[in-house]
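> sequence first, then the predicted structure, then my questions.
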Amino acid sequence: GAVVSQHPSWVICKSGTSVKIECRSLDFQATTMFWYRQFPKQSLMLMATSNEGSKATYEQGVEKDKFLINHASLTLSTLTVTSAHPEDSSFYICSARDEQGMNTEAFFGQGTRLTVV
Amino acid sequence: GQSLEQPSEVTAVEGAIVQINCTYQTSGFYGLSWYQQHDGGAPTFLSYNALDGLEETGRFSSFLSRSDSYGYLLLQELQMKDSASYFCAAGRRGGGTSYGKLTFGQGTILTVHP
């Protein structure tokens, strides 16, 4: 199946600093990638849709100035958590679909566990 | 709004069969997916239904009824390693966004006992 790689798998940062998370589709191109957040014992919540070559689309309640998304190529999207605070500590997961194939399921990266201290 | 309902917990024994139901209310719906997630891990794709009916993939099967806005995941010959959280997710499209946007249910914690 299609492979989505996410890096780093975990990161600890100080409050007020910024953290960048990368999401790559390894064996297919994706004009659209999705970023989710999952707090402990909760479900995954869609944060934003990353669009190659254009602005990301954010879900209601997600601060676009805090969660910067860049989708500069067909295989890479990045999420930057700016001025991170302890309440931003969460599991961040990206997903993508192989838009050239017949399959329509979304594949997920390994996730990034962010801890802000 | 978008919402999916699934049971919060299910318990079963090894070798048994378990069915996890999911009802959804989602605009722009195009299909229902099922994902497995172990503690600390990312979701792993299990099954997908775009059309009504049953899809079988090994020990796992998934069913969809669009008219009833209902689906289920069937797990057969349960093994201890199947203990995990299971999420149904409705694929939805909206405006110019391509397919792939998912709304997740709250997840069902499956515990398999010896």
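Okay, I see it.
> who's in contact with the nearest residue to A:S73 once chain neighbours are set aside?
Spatially, and ignoring its direct neighbours in sequence, A:S73 is nearest to A:E52 (7.0 Å; Cβ to Cβ, 6 or more residues apart in numbering or on different chains). (Glycine included, C-beta is placed from N, CA and C.) When contacts are counted by Cβ atoms under 8 Å, 6 or more residues apart in numbering or on different chains, A:E52 touches A:A30, A:T31, A:T32, A:H71, A:A72, A:S73, A:L74, A:S77.
> let's see 7 Å
By Cβ atoms under 7 Å, 6 or more residues apart in numbering or on different chains, the residues touching A:E52 are A:T31, A:H71, A:S73, A:L74.
> for the third one, the count of nearby residues, please.
Spelled out, it's A:S73. Taking other Cβ atoms under 10 Å in any protein chain shown as the neighbour definition, A:S73 ends up with a count of 13.
> show the pLDDT at it.
You'll see A:S73 listed with a pLDDT of 91.
> in the sheet, who's paired with it?
Assessed by DSSP bridges, A:S73 has beta-bridge partners A:L76.
> circling back: may I ask which of the contacts of A:E52 has the most neighbours?
A:H71 (23 neighbours).
> tell me how far the helix or strand hosting that residue lies from the chain's centre.
Assigned by DSSP states H and E, A:H71 falls within strand A:67-73. When C-alpha coordinates are averaged (Cα atoms, centre = their mean, to the nearest Å), strand A:67-73 and its chain have centres 9 Å apart.
> list the residues that contact A:S9.
Under the criterion of Cβ under 7 Å, 6+ apart, the contact partners of A:S9 comprise A:Q110, A:T112.
> got it, and B:S83?
B:L110, B:T111, B:V112.
> I'd like those residues as JSON lines, with distance to chain A and secondary structure appended.
Conversion of the contacts of B:S83 to JSON lines gives the following (distance: Cβ to the nearest Cβ, whole Å; DSSP: H, G, I helix; E, B strand; the rest coil):
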{"residue": "B:L110", "distance to chain A": "15", "secondary structure": "strand"}
{"residue": "B:T111", "distance to chain A": "15", "secondary structure": "strand"}
{"residue": "B:V112", "distance to chain A": "19", "secondary structure": "strand"}
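> what are the contacting residues of stretch B:21-33?
The contact list for stretch B:21-33, computed with Cβ under 7 Å, 6+ apart, reads A:104-105, B:2-7, B:45, B:48-50, B:64, B:69-72, B:88-94, B:99, B:102-103, B:105.
> whoops, I mixed them up, stretch B:51-59
Applying Cβ under 7 Å, 6+ apart, the external contacts of stretch B:51-59 come out as B:S47, B:N49, B:S61, B:S62, B:F63, B:L64, B:S65, B:R66, B:L75, B:Q76, B:E77.
> how far away is A:Q110 from chain B?
In this structure, A:Q110 and chain B are 5 Å apart, going by Cβ to the nearest Cβ, to the nearest Å.
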